[in-house]
Each structure stands twice: as C-alpha cells, then as structure tokens.
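Visitor: Got a sequence here, can you model it:
(one chain, ligands or ions: 2)
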Amino acid sequence: MKTFLVGGVHPADKKISADAAIEELPVPKIAYISMAQHLGAPAEPCVAVGDKVKVGQQIGKATGFVSAPVHSSVSGTVKSIETVLDLAGKPSTAVVIETEGDEWMEGIDRSETIVSEIKLEKKELVEKIKECGVVGLGGATFPTSVKLSPPPTATPTCVIINGAECEPYLTSDYRVLLEKPEQVLIGCEILMKALGVNKCYIGIEENKQKAIDLLTKLAVEKNHPNIEVVKLKKKYPQGGEKQLIDAVIGKRVPSMGLPVDTGAVVQNVGTTFAVYEAVQKNKPLFSGVMTVTGDCSKAQKNFLHRVGTPLNEIMDYCGGIPEDAAKIISGGPMMGKAISNIKAPTLKGTSSILYLTEEQTKRKEEGNCIRCGKCVEACPMSLEPYLLYKLWKVRDMDQLEDHYIYDCIECGCCLFTCPAYVPLLDAVRQAKASVMKIMKSRPKK
Ligand code: SF4
Ligand code: SF4
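Guide: Ligands and ions are numbered 1, 2, ... in the order given. Coordinates of the predicted model:
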C-alpha cells in the first residue's frame, strides 16, 4: 500500500460521524456572507442595501487574478453591508441578507439527474469554474481557476484528488465520496479536460474502504478508464499536497517549488464535487458539507450548510455546546483553528465544528529537550524541529532561513510526537511567519 516516504504520525482516527448521512441544515433566517472566503484579494460587494437577491446570485465580484466571486446562499433582501468577525475574531466585509422563501436563480439545475456529458471546452471550463466562485475546500481556499491555469513553465501531467481526509474526526469528504461518487468521477473528468491531461488518481486512506470499493467499481462501470483509485496507508499528514503527491506518484515537490512542478495538480474531494455542480448544473459555490463531532459532542453529524449560517445556530441545532467541551475547533484537531467567536458565519471552506474536552486540550507541562530525535523522524518536510525551536528562541533569522523554516507546513507532527512537550508548533509557526516576512521584503532579483 502506498504512502509518503518521510515522517508522519498516527493519531487515532476517531471518525465517529462516518456513518451519518449528509443532512441539509435549515436555511438561516439571516445570512452573513463574508467577502473574504478565499485566499487572495477579498471580493467586493456588487449589491446594495434594499436589493432583492435570489439563491445563487452573485453578490460579490472578484477583485484580482487571485480572488473569487461570492454568491448568495439565500433569497431575500439585503439588510446591510457590514463588518463581521470570523471565527478567530478577524474582521471582513459581509453582505447581510434577511431570508424570504428559497427562490433560486433560473438556470441552476436543482434536479437529481446526473449529467455526464461535458460540453464546454478547456478554456470555457476554467472560466465557468471561476464564474461560479469555486475555491479549494481542503483548507487553503485557493481559487480553483488559478490552480487550473498553471504557469507556462509548468507541464501538468495528472490530477490527484485528495480523498485522504487524514485529520482525525473529519468525515465530510468521506460522505461526499459515498453519496456523490458519480458526480465526483465526472468532476475528475472536468478537471482533466480543463488541464489537458488524461490521468487522474483519487487517493483514499485505507480506513475508508467502502469509498475505495465504491469509487473503484464505478470508475469501471461508468467508463472512466483514466481514473485510478489509489489506496493509501493511513498516516497523517497524507492530505498535505506535497505528501499526497509523494504518496501517489512518488515525486517530491522541490523546496520553494510549486506542486505542479511534479506534473500533478491536486484538488480536494469537496472541490471536485463543487466543480461538477458548477459546470454540469450551473450551480455556484454557496453551500458545503461540514461535520459536527467530538467525543463529547451531543450530535455526530454531516451537514450541507448554506454559506453565511452563524456557527452558533448550527451548535444550537445540534443540542447546544456540550457542558464538558473545553475548546471548539473548526477543522481537524491537528491543523484546525480554535473558534473564539461562535457567532461567526460559515464560509465556503468551513469543514467542521469539533468539540474537544479539557483532557484533550490540556497543555502538558513543558520539559527540556532530551535530544531523542523523535520530532526529526516525524517531520514530513525533513526539517529539524528541535533546532528550529532553539534558533527561534534566540531569534537567529539567518540560520532559520538556512534551515528551510519556510518549508514547514505547520502540520504539528513534531509537537504530537515530542515526549518532553516542547511547544515546537507555536515556535515554528511564529518563526516561519517572521522569516517569510523578511524574505518577501527583499527586492526581487
Ligand atoms: S510543523 Fe513544521 S517542523 Fe513540525 S513536523 Fe510539521 S513541517 Fe515539520
Ligand atoms: S522530540 Fe522533543 S525532546 Fe525529542 S529531540 Fe525533538 S524537541 Fe527534543
């Protein structure tokens, strides 16, 4: 079975919500739709207070090459355009819509019919994906159309679909694979056509055997000879772009290089489904699948949410915040972000509400490094975390750069494995941000 070669750890997978079929959440009474839903320049509102909008109508226009338009997830009246705070308290402009009914834009195909014939040509596909505001749903929310327009120096040779879902607890991609497998396969065909390649791999970890069997069977039955399902050994962070490329095609992304330098373009399962919906059903990206889970969670669910739904409404819908929840995370426990503002609205990339107990979040007392080398062994980027930690303590920025701190993917494997509980992740994150700032400030050669 395949996996990436260097480093990695094996946290318990805790896929408690894996058997919960995707349910549609109620449409929010008021949707707070942020214009900052993607990596790059935020969108700019293109509606005014008092305007009537429909589901799927564009309400924010892209403001640059690395940007994406935003569409309404509800129908109703624009109540205000105001600043909202995201889950970490960071402000962004949002279009606030008071919902009236559920009227969709004409032209969006809401039927269950699966459309397999891809009528659009290469360039038109990229344009359609761009128009529909599709962004990467694996965490980075990078506009998908940009990833489908590689630099002229790069020659894409294959698409790799990230179905690893290697973070503990998360199950939304798994449910999409089980419940929308044919649509995902057509999404793969669209991505191949948009890039002009004729090979696609879907990497799925061994703990999702049902999805591996189903996709493998349907790839044959539905005549997708160029799509290959690759069973991967369970190991974190296999869903990292660089690790997935290594696992599936055995190539390593060069330091400071682009993943496409290996020939591979990686897309997440949720993104692939969104690409299908955009191209074949004319449906912009205004909803997504997310998981509500945790050992102490009152519900174990996978939901289809409308973008702009306040997180606290979803929490209430699931029975409220559990008494013994000490921390709430959006994303997985390894790389997710703590939710400090529970009223924050969902975004395109929202993947979960995860409740952790005090026992799970308690910081163990920091000890001294015993030079065991476990963090070096676990680092999937071949870094020396204990050394980076020491260099950061004395703020030796030159040495940090010389030791490739910029290659750190902030996966947390070093912290996970350290027997002395040295706060390696906090240190490497801060060190990386500072070194990157210095590097970016240098004049380009
Ligand atoms: S957080 Fe950075 S330094 Fe630590 S294991 Fe991951 S890549 Fe290596
Ligand atoms: S794992 Fe912890 S104790 Fe071991 S070398 Fe790394 S920092 Fe030191």
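Visitor: Please make it C-alpha for all contacts and neighbour counts, starting now.
Guide: Will do.
Visitor: Identify the residues contacting the helix ranked longest in the chain?
Guide: Using DSSP state H, we find that the single longest helix of the chain is helix 424-441. Residues outside helix 424-441 that contact it (Cα atoms under 8 Å, 6 or more residues apart in numbering): 385-386, 388-389, 392, 397, 400-401, 405-406, 408, 410, 412, 414-415.
Visitor: Now, of these, which are buried?
Guide: 385-386, 388-389, 392, 397, 400-401, 405-406, 408, 410, 412, 414-415 (16 or more other Cα atoms under 10 Å).
Visitor: near ligand 2 too, which of these?
Guide: Restricting the buried ones among the contacts of helix 424-441 to those touching ligand 2 (Cα under 6 Å from any ligand atom) yields Tyr386.
Visitor: Can you list which of the buried ones among the contacts of helix 424-441 are found in helices?
Guide: Those of the buried ones among the contacts of helix 424-441 lying in helices (DSSP H): Pro385, Tyr386, Leu388, Tyr389, Trp392, Met397, Leu400, Glu401, Cys414, Leu415.
Visitor: Would you reformat those as a markdown table and include distance to ligand 1?
Guide: Listed next are those as a markdown table, based on distance: Cα to the nearest ligand atom, whole Å:
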| residue | distance to ligand 1 |
| --- | --- |
| Pro385 | 5 |
| Tyr386 | 8 |
| Leu388 | 8 |
| Tyr389 | 9 |
| Trp392 | 12 |
| Met397 | 15 |
| Leu400 | 11 |
| Glu401 | 13 |
| Cys414 | 4 |
| Leu415 | 7 |
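Visitor: Of those, which is the nearest to ligand 2?
Guide: Tyr386 (4.2 Å; Cα to the nearest ligand atom).
Visitor: Where does the residue most central in space within the chain sit: helix, strand or coil?
Guide: Centroid-nearest residue in the chain: Gly138, 2.0 Å away (criterion: Cα atoms, centre = their mean). Three-state assignment for Gly138 (DSSP: H, G, I helix; E, B strand; the rest coil): coil.
Visitor: Where does the residue of the stretch 51-200 of the chain found nearest ligand 1 sit: helix, strand or coil?
Guide: Closest contact between the stretch 51-200 of the chain and ligand 1, by Cα to the nearest ligand atom, is at Glu167 (13.5 Å). Here Glu167 is recorded as coil under three-state DSSP.
Visitor: Now stretch 319-339: buried residues?
Guide: For stretch 319-339, by 16+ other Cα under 10 Å, it's 321-322, 325-336, 338-339.
Visitor: hmm, it in reach of ligand 1?
Guide: No: Stretch 319-339 is not in contact with ligand 1 by Cα under 6 Å from any ligand atom; minimum separation 9.4 Å.
Visitor: 39 is where my numbering starts, stick with that
Guide: Got it, the first residue is 39 from now on, which makes the last one we talked about stretch 357-377.
Visitor: Return the residues in contact with the residue nearest to Lys90 when sequence neighbours are not counted.
Guide: In this structure, Lys90 finds its nearest non-sequential neighbour in Thr115, 4.5 Å apart by Cα to Cα, 6 or more residues apart in numbering. Taking Cα under 8 Å, 6+ apart, we find Thr115 in contact with Val87, Gly88, Asp89, Lys90, Val91, Ile135, Glu136, Thr137, Glu138.
Visitor: Look up how far ligand 2 lies from Thr115.
Guide: Separation of Thr115 from ligand 2 (Cα to the nearest ligand atom, to the nearest Å): 55 Å.
Visitor: I'd like to know which of the buried residues of stretch 357-377 is nearest to ligand 2.
Guide: Closest to ligand 2, out of all of these and judged by Cα to the nearest ligand atom, is Met372, at 16.6 Å.
Visitor: nearest spatial neighbour of the residue of the chain positioned farthest from its centre, skipping sequence neighbours?
Guide: Within the chain, Ile408 marks the point farthest from the mean C-alpha position, 35.5 Å out by Cα atoms, centre = their mean. In space, and not counting its chain neighbours, Ile408 is closest to Ala458: 7.2 Å by Cα to Cα, 6+ apart.
Visitor: The one you found - how many residues pack around it?
Guide: Residues lying near Ala458 (other Cα atoms under 10 Å) number 16.
Visitor: Going along the chain, name the strands of the stretch 289-438 of the chain.
Guide: 302-306, 325-331, 339-344, 363-368, 375-376, 390-395 (DSSP state E, counting those that start in this stretch).
Visitor: Just the CA trace of the third one, in CSV.
Guide: Listed in CSV are the C-alpha atoms of strand 339-344, where the atom choice follows Å, rounded to 0.1, in the frame of the first residue of the first chain:
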residue,chain,number,x,y,z
LYS,A,339,-23.5,14.7,12.0
ASN,A,340,-22.5,15.6,8.5
PHE,A,341,-24.4,18.6,7.2
LEU,A,342,-25.0,20.5,4.0
HIS,A,343,-24.8,24.2,5.2
ARG,A,344,-25.6,27.4,3.3
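Visitor: counting contacts, what elements does that strand pack onto?
Guide: In terms of contacts (3 or more Cα pairs under 8 Å, 6 or more residues apart in numbering; DSSP states H and E), strand 339-344 is packed against strand 60-62, strand 325-331.
Visitor: Can you list the strands that that strand pairs with?
Guide: Strands that pair with strand 339-344, judged by DSSP bridges, come out as strand 60-62 (parallel), strand 325-331 (antiparallel).
Visitor: so how far is the last one off the chain centroid?
Guide: Read it as strand 325-331. The chain centre lies 12 Å from the centre of strand 325-331; the measure is Cα atoms, centre = their mean, to the nearest Å.
Visitor: now the shortest one
Guide: Relative to its parent chain, strand 60-62 has a centroid offset of 19 Å by Cα atoms, centre = their mean.
Visitor: in it, what's buried?
Guide: So, applying 16+ other Cα under 10 Å, buried residues of strand 60-62: Ile60.
Visitor: For it, give the mean pLDDT please.
Guide: For strand 60-62, mean pLDDT is 98.
Visitor: ok, residues contacting the helix or strand that that strand is followed by?
Guide: Scanning forward in sequence from strand 60-62 by DSSP states H and E, the next helix or strand is strand 68-72. Outside strand 68-72, the residues that touch it by Cα under 8 Å, 6+ apart are 110-112, 122, 130-137, 345-348, 383, 385.
Visitor: one more time with 6 Å, if that's ok
Guide: Strand 68-72 is contacted by residues Thr131, Ala132, Val133, Val134, Ile135, Glu136, Thr137, Gly346, Thr347, Pro383 when judged by Cα atoms under 6 Å, 6 or more residues apart in numbering.
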